[in-house]
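1. Kindly generate the corresponding structure for this input.
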Amino acid sequence: MHALERKETGTMTQQFPLDAARAHALDQLIEEQEKILTDRTAGSVRLREEAQETLAGGVASAWQDSRPCAVWIEDGHGAHVRDVDGTDYVDLHGGFGVGLAGHAHPAIVAAVGEQVRHGTHFAQPTRDLIPVTRLLAERFGQPRWRFTNSGTEATMAAVHLMRAATGRKKILKVEGSYHGHHDAVQVSGYARVADDIGPDDRPRSVPYGPAYPTEITDLTLVVPFGDLGAVERTLAEHPGEIAGMIIEPIMMNIGLIIPPDGYHAELQALLHRHGAHLAYDEVKTGFAVAPGGATELFGTTPDIVCLAKSMAGGIPCGAIGATRELMDRIADHTYEQVGTFNGNPLMLAAVRAMLTEVLTEDAYRGFDALRATMTGGVEAALRRHGLPGYVAARGAKGSVIFTERLRHFRDFLAYDDRWGHLHWLYQHNGGVFLPPWGKTEQWTLSVQHTAEDAGRFVANFERFAAAADTALAAAAA
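-> Coordinates of the predicted model:
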């Protein structure tokens, strides 16, 4: 007997929600796995306690403060990391999507090491700017570029540029999407969901906590992912007010959602009819889902593209590319796009190595093979044990979605968090480090992962699925 009863709705299979007994069964498994994790990471727990004296919250970023404890890392080697307690893991966390090169890749080590010997910072242009921007233009189809030091800075520059070019104040974003931690985009995100988020087809703009003034966040209008009708209606209701829309072309940070066919081309045409621009946040998708990111994958070149994360092999980085018309607003100082470390020589050396030596055609063939192993193994286990879900994946990125349908943020909110967290625990305790917040995040493959690494992920998933199936069947008996 399958652990979860299902009912057929047309061609869609949909699980019933967990009842109290089954929810309790999953909670018990979570409690057991969390104890296993904390018992074997005593060094991390001790360091966290020591750090509390001088480090706010005992971690360097809120994203590191995961349940049941932050795991402190002391080494990265190839496709693996080692924590302070000496446990080795297959690293599919990838630094929240940074790790396409893996750790200490010889090409990155050589490029950065050579540049260090010639200086680490000048705040002046250096020769690598020219070949690197040419390589980016080839991959993403944008003729002009500027650099930043993070994805947050890149998306902030995109918002500023759209406003400067149009003279308009308002922007559009997708409900539930994350584009960094600047004011304009910390709106209607996950983790701080307000009681009143509005109806499904007309979501309300909600600031991400008290740090973000409504005087600014009210200028950001939100729409569901994949819903062209909502975009068209919002543009019509705010004529001549919207500068543009920023969007992850594949929505991440709530799992992974592929857009409907033709969505991006139609979205761009719709925005242009209203005098607004389209900006892709390719901080996660750039280089990861295809050599030219989602821009290449979907065949629509936006007005602006934002890059970061995996671009520089682990060095802090960011970039914004755009049309000549838009970039002229930077060149003529209509918009002052600045930053002391922008285009710093260490980053440029690493980007040049990534684009010429690491992210080759062979690399993408490797991603395809490993992704097929992981996707096939997980979906077979889901079917075998009667568990809800599927895998959404492109290129080096993938996510196990523990529900039968994930189209947008409201679908994400509707399904149980227990599945993702329990899966994360089984992977972690089985020697595979996935990003925390299991329901929300994605795996990232590197060029240094092997078939053995992919096999360990699948084996851990089978253990998780079998344990969940058994526990839920017992609870239902």
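2. Now do the strands in the stretch 301-450 of the chain.
-> 304-307, 318-322, 390-394, 397-401, 432-433, 443-444 (DSSP state E, counting those that start in this stretch).
3. again with the stretch 151-300 of the chain
-> With strands called from DSSP E, counting those that start in this stretch, the stretch 151-300 of the chain shows them at 170-174, 220-223, 242-247, 251-252, 256-257, 277-281.
4. rewinding a little: let me have the strands of the stretch 301-450 of the chain in CSV, extended by mean pLDDT.
-> Shown next, in CSV, are the strands of the stretch 301-450 of the chain (pLDDT from 0 to 100):
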stretch, mean pLDDT
strand 304-307, 98
strand 318-322, 98
strand 390-394, 97
strand 397-401, 97
strand 432-433, 98
strand 443-444, 98
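5. related to what we said a few turns ago, now for the strands of the stretch 151-300 of the chain, which one comes closest to R463?
-> Taking CB to CB as the measure, the strands of the stretch 151-300 of the chain were each checked against R463, and strand 256-257 came out nearest at 22.8 Å. No exception for glycine: its C-beta is placed from N, CA and C like everyone else's.
6. Please convert the strands of the stretch 151-300 of the chain to JSON lines, extending it with mean neighbour count.
-> Shown next, in JSON lines, are the strands of the stretch 151-300 of the chain (neighbours: other CB atoms under 10 Å):
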{"stretch": "strand 170-174", "mean neighbour count": "24"}
{"stretch": "strand 220-223", "mean neighbour count": "24"}
{"stretch": "strand 242-247", "mean neighbour count": "26"}
{"stretch": "strand 251-252", "mean neighbour count": "26"}
{"stretch": "strand 256-257", "mean neighbour count": "24"}
{"stretch": "strand 277-281", "mean neighbour count": "29"}
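7. how about those strands, which one is nearest F412?
-> Of those, the one closest to F412 (CB to CB) turns out to be strand 256-257, at 8.4 Å.
8. other SSEs contacting that closest one?
-> Counting by 3 or more CB pairs under 8 Å, 6 or more residues apart in numbering; DSSP states H and E, the packing neighbours recorded for strand 256-257 are strand 390-394, strand 397-401.
9. what's the model's confidence in that strand, averaged?
-> Strand 256-257 shows a mean pLDDT of 97.
10. what pairs with that strand, and is each one parallel or antiparallel?
-> strand 251-252 (antiparallel) (DSSP bridges).
11. Give me the residues contacting the partner strand.
-> With CB atoms under 8 Å, 6 or more residues apart in numbering as the test, strand 251-252 has contacts from 97, 174, 176-177, 225, 257, 259, 284-285, 397, 399, 408, 442.
12. and with 10 Å instead?
-> 96-97, 174, 176-178, 225-226, 257-259, 281, 283-285, 288, 392, 397, 399, 406-409, 412, 440-442 (CB atoms under 10 Å, 6 or more residues apart in numbering).
13. quick one on the thing from earlier: deepest in the core, which of the helices and strands packed on strand 256-257 is it.
-> With neighbours defined as mean count of other CB atoms under 10 Å, these peak in mean count at strand 397-401, which reaches a mean of 25.
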